[in-house]
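> dropping a prediction and its sequence here:
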2 protein chains.
Amino acid sequence: MKLTIKQPILMEHLNYVIRGISNKNLIPILNCIKFELTNDGLYLMSTDNEISIKTFIDKKDIENIDICGTIVVSGRYIYEIIKKLPNEAINIEEVVDSKLSITTTNSSFQLNCNDASEFPSLELEDNKTPIIIQKKLFKTIINQTIFATSNQESRPILTGINFHIEGDYLQCIATDSYRLAKKTIKIHNPMTDIIDIVIPTKNISELIKLFNDDDDSIEIHIFSNKVIFKFNDIIMMSRLINGTYPDTSKLIPETFEIDLQVNLSDFYDAIDRASLLTNEADKNTIKLESHGNDITISSNIPEIGNVVEKIMVENKNNQDIKIAFSSKYMMDALKSFGSTDVDLLFNGEIKPIILKSSSSDDLIQLILPIRTY
Amino acid sequence: MKLTIKQPILMEHLNYVIRGISNKNLIPILNCIKFELTNDGLYLMSTDNEISIKTFIDKKDIENIDICGTIVVSGRYIYEIIKKLPNEAINIEEVVDSKLSITTTNSSFQLNCNDASEFPSLELEDNKTPIIIQKKLFKTIINQTIFATSNQESRPILTGINFHIEGDYLQCIATDSYRLAKKTIKIHNPMTDIIDIVIPTKNISELIKLFNDDDDSIEIHIFSNKVIFKFNDIIMMSRLINGTYPDTSKLIPETFEIDLQVNLSDFYDAIDRASLLTNEADKNTIKLESHGNDITISSNIPEIGNVVEKIMVENKNNQDIKIAFSSKYMMDALKSFGSTDVDLLFNGEIKPIILKSSSSDDLIQLILPIRTY
């Protein structure tokens, strides 16, 4: 393998593949990046068995392709070296004894290579009918749900986001069994089969970090045991979580006795301040009490002090509520809305609290109350 | 105590005094802030016995002073509460049962107070002849030396910066016994006595965080067991480290056999890249070798690879050197210079390496070599 490539171009693509490497992997080959140079361009690949990332630099972006070939080299070292090299052309060449030489005008590095044949083969083939979504929209729906996933390995199925596709509707659901986030969007290309998969939270969070700000779309190719995302010149594969995602469709009531429409930022700020006098050991519990259009939010830590916040709401059904919940969960849920107003919906102090934008039903947040009264 | 004050003004001053509180203090009163309201204005005070901070808000910046008085309240809680209150007037009032009430239009906090009489009395009186230095210059001399202090508690005297004042010269010295930083400046008001004190690194680092960007000066009042800094409306006191600072005046040679003038940024970048193939267990050792006006910098980790960097220098005495040193120490030292060129001065491979700006002698960095050849 021998090529000449400009530093910023190689760096951009190393920034992608480095995310496929978990630093602490005990299997040395999984800490490596594979360089595959063909006459079409340079492929970079990384995998930690959880996710795999492959990126492509077209020959038009490469100064010189001298000798095609494949090498496998420590990901962390090549990443740091290229990062610190100046913005100029870099010569990369496999030399005798499986060594990779990286040279610029003043710098000359030699890195020991690993055996290329030991690098796992990544099966990154396409599906016939991918789902196509604008990257920006995809990032939004992930950010609106991902925080509600569980980090408890005792129920692995809840440590991912459920993607449920029927016809031209995609539903993203996340729950840790104390709260639930559900976002529904319409997709442009209807699916003939029902799709129901769970993608690990960690992997999907790495995926959206790879997104740039352009308006391009992402292709999602779904298989029985993996999902492949394609966008720009990047392919990322994630494993799926095995198992059946719990049926959450009956958790969200159709009707509500109490409906308080609040200004999102006023309500958020009041919860945020009240949360100062809560503690984690006590589930960050705060109380909400409505009296017509006035609500009070209160909390206390006996040895420190107490707080009462007042805000005005629109009490649509003119029914009052006294309820307690986690301020942390409420703030997480509120942050997912982009609207000015949010409807807080209740059916009593021991029934789930539902949050919806006042203008749309596509995003629903559910929080279980805490019994204190 | 009862007053009304605008949120941004109180917050600015809480930002200062909060730095006098170490969160983990086992003595509850040392986690508190003391509010002392007089007809002249409001004093805020904090102390953790290592440092004490006192700040003053003039009556002209306070909306209403209703009842003078003193309260002592949890620093962390009052800080977080005021921080999250909106930009409006805040009513602060001591109410029955040693409670502090903090109210705005919509928020109402009550915090339990501590016994004001238990708060340590801070002796922050002035000295007759303070040293006066521009804050910006003071910050520069600290940043040029502080990194060379030791963090080993085995020799406490080296965990501070030595301030040595004779006549109108102030010398700041820091050393961890493997390297030394020494900065000399002229002060405007000569001292009649020789002053030689050691200020703890941690405290001086907190001090410069309190600086804003204005061109004002700082007054330094030195006592036998403490030092008091006065600037803007802030007074900070630090304890001194007991003991005699080692005499380092003979460590820096007068003459040098080898003098290599390097471009600071080129040399720094080369060291930075070479340091990628070093490791901490091996003291981040890199080698430098000169051949006339060419120098090579090299390092290696046998299982990973090696690197050779070349740069051009001006070999002033036309004498060559082969020497090894810590890349980390060299980078720390180089970062302290603001000049374009730096002179690397040597008297052989086992003698200290000296760094000076090519244009001035006021800053000297010394690094001990590592014996490898």
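Cool, the structure landed.
> switch to C-alpha atoms for all contacts and neighbour counts from now on
Fine.
> next up, the contacts around A:E118.
A:I29 (CA atoms under 8 Å, 6 or more residues apart in numbering or on different chains).
> where does the residue nearest to A:S298 when sequence neighbours are not counted sit: helix, strand or coil?
Nearest non-adjacent residue to A:S298, counting by CA to CA, 6 or more residues apart in numbering or on different chains: A:V308, 4.5 Å away. Using DSSP: H, G, I helix; E, B strand; the rest coil, the structure places A:V308 in strand.
> can you give me the helices for chain A?
A:7-17, A:75-84, A:135-143, A:201-209, A:264-274, A:327-335 (DSSP state H).
> same list, those helices, but as TSV with distance to B:E289 and mean pLDDT please.
Below are those laid out as TSV (distance: least, CA to CA, whole Å; pLDDT from 0 to 100):
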stretch	distance to B:E289	mean pLDDT
helix A:7-17	28	98
helix A:75-84	22	97
helix A:135-143	52	97
helix A:201-209	43	96
helix A:264-274	60	98
helix A:327-335	58	98
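> these two touch, right, A:R239 and A:E50?
Yes. Counting by CA atoms under 8 Å, A:R239 touches A:E50, with 5.9 Å between them.
> out of those two, which sits in the more crowded spot?
Neighbours per residue, other CA atoms under 10 Å in any protein chain shown: of A:R239 and A:E50, the larger number sits with A:R239, 19 against 16.
> can you give me the neighbour number for the closest residue to that one other than its chain neighbours?
With sequence-adjacent residues excluded and distances taken as CA to CA, 6+ apart, A:R239 is closest to A:K226, at 4.4 Å. A:K226: 18 surrounding residues under other CA under 10 Å.
> now A:Q134
15.
> got it, and A:D294?
A:D294, neighbours per other CA under 10 Å, totals 15.
> chain neighbours aside, what residue packs nearest to it?
A:M312 (4.8 Å).
> test my guess that that neighbour contacts A:I295.
Yes. Judged on CA under 8 Å, A:M312 makes contact with A:I295 at a distance of 6.2 Å.
> so for the two, which sits in the more crowded spot?
With neighbours defined as other CA under 10 Å, A:M312 and A:I295 compare such that A:I295 has more, 23 against 19.
> quick one: contacts for that one?
A:L288, A:E289, A:K310, A:I311, A:M312, A:V313.
> of these - the most surrounded one?
A:V313 (22 neighbours).
> how close does that one sit to A:H291?
10 Å (CA to CA, to the nearest Å).
> surely A:D193 is in contact with A:H164?
No. Contact criterion CA under 8 Å: A:D193 and A:H164 do not qualify, at 10.8 Å.
> tell me where the stretch 201-350 of chain A has strands.
A:217-222, A:226-231, A:234-239, A:258-263, A:285-291, A:294-301, A:305-312, A:314-315, A:322-326, A:341-346 (DSSP state E, counting those that start in this stretch).
> okay if I get the ones you listed as CSV plus mean pLDDT?
Output for the strands of the stretch 201-350 of chain A, formatted as CSV (pLDDT from 0 to 100):
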stretch, mean pLDDT
strand A:217-222, 95
strand A:226-231, 96
strand A:234-239, 96
strand A:258-263, 97
strand A:285-291, 97
strand A:294-301, 97
strand A:305-312, 97
strand A:314-315, 97
strand A:322-326, 97
strand A:341-346, 97
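> quick check: residues of the stretch 151-300 of chain A near chain B?
Contact residues (CA under 8 Å from any CA of the partner chain) of the stretch 151-300 of chain A with chain B: A:D269, A:A270, A:D272, A:R273, A:L276.
> of these, which is the nearest to chain B?
A:R273 (6.2 Å; CA to the nearest CA).
> give me the number of residues near the closest one?
25.
> with adjacent residues omitted, what lies nearest to it?
Spatial nearest neighbour of A:R273, excluding adjacent residues (CA to CA, 6+ apart): B:K84 at 6.2 Å.
> how about that neighbour, what does it touch?
Residues near B:K84 by CA under 8 Å, 6+ apart: A:D269, A:D272, A:R273.
> could you redo the last one with a cut-off of 10 Å?
When contacts are counted by CA atoms under 10 Å, 6 or more residues apart in numbering or on different chains, B:K84 touches A:D269, A:A270, A:D272, A:R273, A:A274, A:L276, B:Q7, B:M11.
> now do the same contact list for the first one.
So that's A:D269. So A:D269 contacts A:S275, A:E309, A:M331, B:K84, B:L85, B:P86 (CA under 10 Å, 6+ apart).
> hang on, the earlier thing: give me the common contacts of A:M312 and A:I295.
Each of A:L260, A:V262, A:F267 lies in contact with both A:M312 and A:I295 under the rule CA under 10 Å, 6+ apart.
> which of the residues you listed lies at the shortest distance from chain B?
Closest to chain B, out of all of those and judged by CA to the nearest CA, is A:F267, at 11.2 Å.
> what residues sit buried inside stretch A:36-48?
For stretch A:36-48, burial by neighbour count (16 or more other CA atoms under 10 Å in any protein chain shown) applies to A:E36, A:L37, A:T38, A:G41, A:L42, A:Y43, A:L44, A:M45, A:S46, A:T47, A:D48.
> please apply the same query to stretch A:311-324.
Quick answer for stretch A:311-324 (16+ other CA under 10 Å): A:I311, A:M312, A:V313, A:E314, A:N315, A:D320, A:I321, A:K322, A:I323, A:A324.
> which parts of the stretch 1-150 of chain A sit against chain B?
Contacts of the stretch 1-150 of chain A with chain B, taken as CA under 10 Å from any CA of the partner chain, map to A:73-74, A:77-78, A:80-86, A:99-113.
> and the helices of chain A: which comes nearest B:I185?
Comparison of these against B:I185 by CA to CA identifies helix A:75-84 as nearest, at 35.3 Å.
> what distance separates the closest one from the centre of its chain?
26 Å (CA atoms, centre = their mean, to the nearest Å).
> pull out the buried residues from it.
Applying 16+ other CA under 10 Å to helix A:75-84 flags A:G75, A:R76, A:Y77, A:I78, A:Y79, A:I81, A:I82, A:K83, A:K84 as buried.
> for these, please prepare JSON lines with the additional fields distance to B:F337.
Output for those, formatted as JSON lines (distance: CA to CA, whole Å):
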{"residue": "A:G75", "distance to B:F337": "34"}
{"residue": "A:R76", "distance to B:F337": "30"}
{"residue": "A:Y77", "distance to B:F337": "29"}
{"residue": "A:I78", "distance to B:F337": "30"}
{"residue": "A:Y79", "distance to B:F337": "29"}
{"residue": "A:I81", "distance to B:F337": "25"}
{"residue": "A:I82", "distance to B:F337": "26"}
{"residue": "A:K83", "distance to B:F337": "24"}
{"residue": "A:K84", "distance to B:F337": "21"}
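> distance check, A:Q134 against chain B.
Distance, A:Q134 to chain B, using CA to the nearest CA, to the nearest Å: 36 Å.
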